[in-house]
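Visitor: test case, fold it:
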Amino acid sequence: MSDTAAEPSFHPPEDAVEFYAESLRLLQESGIPFLLSGTYAVTAYTGIRRPTKDLDVFCKPGDYPRILAYFQTRGYRTDVEDERWIAKVWKDEKHFFDVIFAMSNGTIAVSDSWFGDDTIEVYGHAVKITPPTALILSKVFIQDRYRYDGADVNHVILKQSEAIDWKSLLDQMDLYWEVLMAHLLNFRFAYPTERDNIPAWLMTELAQRLEAQVTLPAPRVKVCRGRLFSPRDYIADITDFGFGDVVGKGLEERHDPIP
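Guide: As a prediction, the model looks like this:
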């Protein structure tokens with residue numbers, strides 16, 4: 001893949017375009033490292049075009065306060081929606097962009113490994129986007145009845161398999177290898193002729209882990225990790241079925257997963 005991908009063909013209202021262009025200009029002038037992700041990155045890597053409602057700006061956890069402070073001193077309103085993963089920068093009551101520094105379930109934070117060299121041209125600015133490996137990481141836990149990003153994961157694997165750092169992906173998903181394995185099996189099911197897009201060593205490693213796990217006794221601590229996928233879909237498990245909560249979100253959690 002070249003360093004510059006095709007610009008997504010989105011057509012937001014003119015006032016929104018002005019806000020996005022101004023925001024990207026200020027982000028670049030700030031000198032604080034950031035990435036554009038979400039639908040923009042999916043379009044760049046897969047060619048699939050779809051509308052998007054905002055900008056998803058990714059940064060490292062230590063940099064999000066700097067971004068907010070930079071915009072705040074320039075008259076923008078800022079809001080730390082959830083200190084575990086997301087903040088917002090507002091121009092007015094209608095226009096904003098998200099500042100995302102971790103996954104909404106707290107499993108993975110944005111790190112230096114998320115920063116690559118791929119850029120796209122967006123609203124007159126050349127902006128870095130999340131590399132394929134990081135884009136997959138940002139989507140593997142989005143499994144809600146209203147939002148499931150498995151197709152995005154499949155399409156990134158389909159179109160960018162050679163650009164994915166599979167060793168890094170496994171390292172960062174090591175504690176959640178079953179989630180990774182489930183996505184890879186879904187890919188193999190969706191694209192039987194493209195199974196070689198996933199390295200054989202990775203499937204062998206995951207299969208060996210599963211084989212070793214099958215005969216082990218069940219864990220002693222009764223938790224529901226389904227809340228890592230969707231806090232709202234697994235509320236009954238915490239309130240009625242006696243499972244411990246590994247997420248720590250309120251029972252009326254209404255945050256949408258990241259795009």
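Visitor: not counting its neighbours along the chain, what's nearest residue 186?
Guide: Among residues not flanking residue 186 along the chain, residue 150 sits closest, at 5.8 Å (C-beta to C-beta, 6 or more residues apart in numbering). Bear in mind the C-beta positions are built from the backbone N, C-alpha and C, glycine included.
Visitor: then residue 116?
Guide: The shortest distance from residue 116 to any non-neighbouring residue, by C-beta to C-beta, 6+ apart, is to residue 131 (3.6 Å).
Visitor: since we're on that neighbour, how many residues are nearby?
Guide: With neighbours defined by other C-beta atoms under 10 Å, the count for residue 131 comes to 25.
Visitor: please apply the same query to residue 59.
Guide: Residue 59 has 22 neighbouring residues, counting by other C-beta under 10 Å.
Visitor: before we move on, back to that, which ones are touching the residue nearest to residue 186?
Guide: By C-beta atoms under 8 Å, 6 or more residues apart in numbering, the contact list for residue 150 reads 139, 143, 183, 186.
Visitor: all strands for the protein, in order.
Guide: Secondary structure of the chain (DSSP state E): strands at 4-5, 35-36, 56-58, 77-82, 86-90, 96-100, 119-122, 125-128, 143-144, 147-148, 223-224, 244-245.
Visitor: need the ones you listed in TSV (columns: mean pLDDT, mean neighbour count and distance to residue 111).
Guide: Shown next, in TSV, are those (pLDDT from 0 to 100; neighbours: other C-beta atoms under 10 Å; distance: least, C-beta to C-beta, whole Å):
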stretch	mean pLDDT	mean neighbour count	distance to residue 111
strand 4-5	45	16	22
strand 35-36	96	24	11
strand 56-58	96	25	11
strand 77-82	96	14	19
strand 86-90	96	20	17
strand 96-100	96	23	13
strand 119-122	92	18	19
strand 125-128	95	17	15
strand 143-144	95	17	23
strand 147-148	94	14	24
strand 223-224	93	16	26
strand 244-245	90	14	26
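Visitor: of all those strands, which lies closest to residue 192?
Guide: With respect to residue 192, and counting by C-beta to C-beta, the nearest of the strands of the chain is strand 147-148 at 21.1 Å.
Visitor: list the helices and strands that closest one packs on?
Guide: If you count contacts as 3 or more C-beta pairs under 8 Å, 6 or more residues apart in numbering; DSSP states H and E, strand 147-148 packs onto no helix or strand.
Visitor: quick one: strands adjacent to that strand?
Guide: When pairing is defined by DSSP bridges, strand 147-148 lines up against strand 143-144 (antiparallel).
Visitor: so the residue nearest to residue 116 touches residue 169, yeah?
Guide: No. Look at residue 131 against residue 169 with C-beta atoms under 8 Å: they stay out of range, at 10.7 Å.
Visitor: follow-up on the earlier one: highest neighbour count among the contacts of residue 150?
Guide: Of the contacts of residue 150, with other C-beta under 10 Å as the count, residue 139 tops at 25 neighbours.
Visitor: state the distance from that one to residue 84.
Guide: To residue 84, residue 139 is 18 Å away according to C-beta to C-beta, to the nearest Å.
Visitor: specify which member of the contacts of residue 150 is nearest to residue 160.
Guide: Among these, and counting by C-beta to C-beta, the member closest to residue 160 is residue 139, at 13.1 Å.
Visitor: can you pull the pLDDT of that closest one?
Guide: For residue 139, the model assigns a pLDDT of 97.
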